[in-house]
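Participant: Need a 3D model of the following:
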Amino acid sequence: QVQLVESGGGLVQAGGSLRLSCAASGRTVTRYTMGWFRQAPGKEREFVATTSWLSERTYYGDYADSVKGRFTISRDDAKMTVDLQMNRLKPEDTAVYYCVADPRNRRGAISREYDYWGQGTQVTVSS
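Facilitator: Numbers count the residues shown, from 1 in each chain. Take a look at the predicted model:
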């Protein structure tokens, strides 16, 4: 089993920045797809960004169109962490953000493809 714990959420004004972090434990996640989904009130969970193993120390990043150019995903395999740097935040980015992990490394944008989920961290962007 893999445990995921998020941190770094909070309240920020539109145009500001936040950095989310996810710490994994339980198993080595080097070759997993790791990433973030989010869920706003009254809406379904949606894909935000993922990082997937391609080769030793090489990973591929995927982003939702709504966050491209504003969000950056990164990972540190030694620490088993995945971070999401969020810049130029907008009120529509307000949601609970979930860290996810897929041991089959499928680079998926569909929530059901992820076996492991964190408890979520709230991000609120005020206008």
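Participant: in this structure, which spans are strands?
Facilitator: 3-7, 10-13, 18-25, 33-39, 46-55, 58-63, 71-76, 81-86, 95-102, 116-117, 121-126 (DSSP state E).
Participant: deepest of those strands, which one?
Facilitator: Greatest average neighbour count among the strands of the chain goes to strand 33-39 (a mean of 24), per mean count of other CB atoms under 10 Å. All C-beta spots, glycine's among them, are computed from the backbone N, C-alpha and C.
Participant: Could you check the angle that strand makes with strand 95-102?
Facilitator: Angle of strand 33-39 versus strand 95-102, following axes from the mean of the first three to the mean of the last three CA atoms, to 10 degrees, is 150 degrees.
Participant: So which other helices or strands are in contact with strand 33-39?
Facilitator: On a contact count with 3 or more CB pairs under 8 Å, 6 or more residues apart in numbering; DSSP states H and E, strand 33-39 meets strand 18-25, strand 46-55, strand 71-76, strand 81-86, strand 95-102.
Participant: Can you give the strand pairings for the longest one, parallel or anti for each?
Facilitator: Read it as strand 46-55. The pairing partners recorded for strand 46-55 under DSSP bridges are strand 33-39 (antiparallel), strand 58-63 (antiparallel).
Participant: weakest of those in terms of mean pLDDT?
Facilitator: Lowest mean pLDDT of the strands paired with strand 46-55: strand 58-63, a mean of 92.
Participant: what distance separates that strand from the middle of the whole chain?
Facilitator: 12 Å (CA atoms, centre = their mean, to the nearest Å).
Participant: Residues contacting the helix or strand bottoming out on mean pLDDT in the chain from elsewhere in the structure, which ones?
Facilitator: Comparing helices and strands within the chain by mean pLDDT, DSSP states H and E singles out strand 58-63 as the least confident, with a mean of 92. For strand 58-63, the surrounding residues in contact (CB atoms under 8 Å, 6 or more residues apart in numbering) are 35, 48-54, 71-73, 75, 107, 109.
Participant: Repeat that for stretch 4-21.
Facilitator: 22-25, 36, 81-91, 97-101, 116-127.
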